[in-house]
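Q: Return atomic coordinates for the entry below.
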Amino acid sequence: RICQQHNIKYIWYDQLCINQDNKEEKQREIRNMHHIYENAYCTVAFVPDYSHKEHLSASKQQYFKRLWTLEEIIKSRRLLFVGRDIHTFGGYDEIANLLKSSSELNVAQILFHAHQRTSTKEHDRVFALVQLF
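A: Predicted coordinates for the structure are as follows:
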């Protein structure tokens with residue numbers, strides 16, 4: 001429905017477009033995700049916990065605690081949050097502010113935001129930061 005409303009012909013859904021069982025393909029595609037975000041008309045973030053009453057509180061959502069989502073937020077030109085009973089461009093106030101200033105972020109600001117997030121494997125931090133820079 002989103003694609004039809006915005007006259008979009010193609011959609012990239014990383015869990016389906018990347019063979020999750022092929023380690024080499026997965027690593028290769030992960031290294032290119034920043035290009036996908038930068039060139040996409042819109043990045044759609046499915047945040048199941050996102051609801052109308054939680055609209056203003058990003059800090060409570062698991063999506064905003066994960067390091068890999070920082071790349072998605074910073075590199076995307078437009079970010080559409082789709083939740084349980086709400087969808088919105090930009091979403092949360094703090095994310096909207098981060099999106100507005102993403103082209104002007106310096107190293108210290110990116111490291112600040114990255115430090116506040118978690119990763120499944122500690123070495124993933126290095127790869128996530130490389131993609132941001």
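Q: in this protein, which helix or strand is least confident?
A: Among the helices and strands of the chain, helix 93-101 carries the lowest confidence by mean pLDDT, DSSP states H and E, at a mean of 56.
Q: what's the next secondary structure element after that helix?
A: helix 107-115 (DSSP states H and E).
Q: Identify the residues contacting the helix or strand where A128 lies?
A: A128 is part of helix 124-132 when elements are defined by DSSP H and E. If you take Cβ atoms under 8 Å, 6 or more residues apart in numbering as the criterion, helix 124-132 is touched by 30-31, 33-34, 67-68, 70-71, 74-75, 110-111, 114, 119. Quick note: C-beta positions are derived from backbone N, CA and C, even for glycine.
Q: could I get the residues you listed as TSV with distance to Q131 and neighbour count?
A: As requested, the contacts of helix 124-132 are exported to TSV (distance: Cβ to Cβ, whole Å; neighbours: other Cβ atoms under 10 Å):
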residue	distance to Q131	neighbour count
I30	8	17
R31	7	12
M33	7	18
H34	5	18
L67	10	20
W68	9	17
L70	9	20
E71	5	21
I74	9	23
K75	8	20
I110	11	17
L111	14	14
A114	11	17
S119	12	15
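Q: can I get the residues you listed in TSV with distance to H87, pLDDT and secondary structure?
A: Shown next, in TSV, are the contacts of helix 124-132 (distance: Cβ to Cβ, whole Å; pLDDT from 0 to 100; DSSP: H, G, I helix; E, B strand; the rest coil):
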residue	distance to H87	pLDDT	secondary structure
I30	26	82	helix
R31	29	83	helix
M33	22	85	helix
H34	24	84	helix
L67	24	79	coil
W68	21	80	helix
L70	21	83	helix
E71	21	83	helix
I74	21	82	helix
K75	20	83	helix
I110	27	79	helix
L111	31	82	helix
A114	27	80	helix
S119	27	78	coil
